[in-house]
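K.L.:
pasting the sequence and the predicted coordinates here, then a few questions.
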Amino acid sequence: MAVCTIHTSTQSLNSRCSLYTPTKTHLGFNQRQVVFYSKRSSSSKRGSSSVITCSAAGDSQTIVIGLAADSGCGKSTFMRRLTSVFGGAAEPPKGGNPDSNTLISDTTTVICLDDYHSLDRTGRKVNGVTALDPRANNFDLMYEQVKAIKDGVAVDKPIYNHVTGLLDPPELIKPPKILVIEGLHPMYDERVRDLLDFSIYLDISNEVKFAWKIQRDMAERGHSLESIKASIEARKPDFDAYIDPQKQYADAVIEVLPTQLIPDDNEGKVLRVKLIMKEGVKHFSPVYLFDEGSTISWIPCGRKLTCSYPGIKFAYGPDSYFDHEVSVLEMDGQFDRLDELIYVESHLSNISTKFYGEVTQQMLKHADFPGSNNGTGLFQTIVGLKIRDLFEQIIATKETAPVEATQA
Ligand SMILES: Nc1ncnc2c1ncn2[C@@H]1O[C@H](COP(=O)(O)OP(=O)(O)OP(=O)(O)O)[C@@H](O)[C@H]1O
Ligand SMILES: O=C(CO)[C@H](O)[C@H](O)COP(=O)(O)O
């Protein structure tokens, strides 16, 4: 529903205003159901958010992307690659809460679903639940607000403050062209899941997750090895129960596993990464290597690609995943020279680039990001390009669709 279809007898929603919704009226706009206030309603409580604020009207619907993964599994890195594909840097809301989890760029707004924790750190401790437990999260509010943004309506979204562990006063989120909801549960609640135009799950195997967490939490956060192990163990039952099952709903899964190129490797530095792409998803055609639908195994090392031990191996082919037909592209190993990635790129099809070498250019631009020398960075970049393509296709479809009646 486009915002420009909504008018009141006294004022058009094209101007900034606030509206208080005593019920879920914003879910089905009806000019008689909304009550307008000239100023921001004071009913916005600390840590909760029933106030919906209407934004400057736009004529296009927001596209919603879901990115699910456990904590420390590369969501932020992926988001930086994705926003870079659209150009421009992603920044926290200007003049807002310095501990905001939101990142805004020209095209995208990334909100972190931790902001929908209904229990703060103390609340979770008192109740003996982890942040992964659905009981610690407000899915009704998550649904209502994502739906409102998708319909072109700004919302006052709560903020979970990771520094203090408290729920801070809400921040205004205006409808962007692309809204990314990233966090633990973007596909957990069926109502939220149904709002997603595309969904991604980062599936990091336990061994690799452990290696990444040790690297970050010991080096950057001063945690001990024992405390990291204890935290992973404590989260595991809820991770298995509530987070991991979401991968069955994802349109694309990036699965990160230990290498098979080094027998009994336990260093976790060389990775085998799979890009699992669902078939039949609207506006999304899976990437393929050489020949669509064939089963391929490819070792590109030799004259055009420098490979030191243990080398690089690609695989591609059809498969099934949770009873869905999928195409899987796999890369095991790591690049020695990123500029030579162009050789691999030139053998991939359906990568949705706008010019020859765009994948390589993006990878070189962010060579300092984690995973730039392996399949995690390569596949995250490709998924970013596929999301741009999906966005452009949806916009094009809307532009050619017959104009809807704008007033009742
Ligand atoms: N592709 C990768 N290769 C190697 N290490 C990685 C990769 N992606 C992430 N990491 C490691 O994991 C850490 C966490 O990454 P990132 O901040 O992107 O994850 P996150 O899911 O956003 O985490 P959180 O939810 O805890 O904020 C990084 O500091 C890095 O050490
Ligand atoms: O799983 C998480 C998502 O990032 C966090 O553990 C959760 O949000 C709680 O955060 P904190 O540990 O800062 O209280």
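P.N.:
That came through fine. Residues are numbered from 1 along each chain as shown. Ligands and ions are numbered 1, 2, ... in the order given.
K.L.:
just for the stretch 301-408 of the chain, where's the confidence low?
P.N.:
Under the criterion pLDDT under 70, the flagged ranges of the stretch 301-408 of the chain are 402-408.
K.L.:
contact residues of it facing ligand 1?
P.N.:
Neighbours of ligand 1 within the stretch 301-408 of the chain, by Cβ under 6 Å from any ligand atom: Pro370, Gly371, Thr376. In this view, the C-beta of every residue, glycine as well, is placed from N, C-alpha and C.
K.L.:
what secondary structure does the last one sit in?
P.N.:
Reduced to three states with DSSP: H, G, I helix; E, B strand; the rest coil, the structure at Thr376 is helix.
K.L.:
residue contacts, the spatially closest residue to it that is not a sequence neighbour?
P.N.:
Counting by Cβ to Cβ, 6 or more residues apart in numbering, the nearest residue to Thr376 once its immediate chain neighbours are dropped is Val273, at 5.4 Å. With contacts defined as Cβ atoms under 8 Å, 6 or more residues apart in numbering, the neighbours of Val273 are Ile254, Glu255, Val256, Leu257, Glu330, Met331, Asp332, Asn374, Gly375, Thr376, Leu378, Phe379.
K.L.:
follow-up on the earlier one: kindly give a single PyMOL line that selects the buried subset of the residues of the stretch 301-408 of the chain next to ligand 1.
P.N.:
The buried subset of these, as determined by 16 or more other Cβ atoms under 10 Å, is captured in PyMOL by this line:
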select buried, resi 371+376
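K.L.:
pLDDT at Ser224, what is it?
P.N.:
Per-residue confidence at Ser224 stands at 87 (pLDDT).
K.L.:
I'd like to know how far it sits from ligand 2.
P.N.:
Here the distance between Ser224 and ligand 2 works out to 16 Å (Cβ to the nearest ligand atom, to the nearest Å).
K.L.:
neighbours of that residue, how many?
P.N.:
When counting by other Cβ atoms under 10 Å, one arrives at 10 neighbours for Ser224.
K.L.:
now swap in Gly87 and tell me
P.N.:
Other residues near Gly87 number 10, with proximity taken as other Cβ under 10 Å.
K.L.:
assign the residue of the stretch 301-408 of the chain found nearest ligand 1 to helix, strand or coil.
P.N.:
With Cβ to the nearest ligand atom as the measure, the residue in the stretch 301-408 of the chain that lies nearest ligand 1 is Gly371; the distance is 2.3 Å. On the three-state scheme (three-state DSSP), Gly371 is labelled coil.
K.L.:
likewise for Lys274?
P.N.:
Judged by three-state DSSP, the three-state class of Lys274 is strand.
K.L.:
does it touch Gln260 like I think?
P.N.:
No: in this structure Lys274 lies outside contact range of Gln260 using Cβ atoms under 8 Å: 11.5 Å.
K.L.:
who has more neighbours out of these two?
P.N.:
For Lys274 versus Gln260, neighbours defined as other Cβ under 10 Å are more numerous around Lys274 (22 against 14).
K.L.:
how near is the residue nearest to the more buried one when sequence neighbours are not counted to Trp212?
P.N.:
The spatially closest residue to Lys274, leaving aside those adjacent along the chain, is Glu255, at 4.3 Å (Cβ to Cβ, 6+ apart). Shown here: Glu255 relative to Trp212, a distance of 14 Å by Cβ to Cβ, to the nearest Å.
K.L.:
ligand 1 contacts on the stretch 151-300 of the chain?
P.N.:
Taking Cβ under 6 Å from any ligand atom, the part of the stretch 151-300 of the chain that reaches ligand 1 is made up of Trp212, Gln215, Arg216.
K.L.:
name only those of the residues you listed that count as buried.
P.N.:
When neighbours are counted using 16+ other Cβ under 10 Å, these contain these buried positions: Trp212.
K.L.:
looking at this, Leu179 is in a helix?
P.N.:
No: with three-state DSSP as the criterion, Leu179 is assigned strand and is not in a helix.
K.L.:
right, and it touches Lys150 too?
P.N.:
Yes: contact between Leu179 and Lys150 holds when scored by Cβ under 8 Å: they sit 7.1 Å apart.
K.L.:
just to revisit the earlier point, spatially nearest residue to the residue of the stretch 301-408 of the chain closest to ligand 1 (excluding sequence neighbours)?
P.N.:
Excluding the flanking residues, the one nearest Gly371 by Cβ to Cβ, 6+ apart is Gly377, at 4.1 Å.
K.L.:
my read: that neighbour touches Lys365, true?
P.N.:
No: contact criterion Cβ under 8 Å: Gly377 and Lys365 do not qualify, at 11.0 Å.
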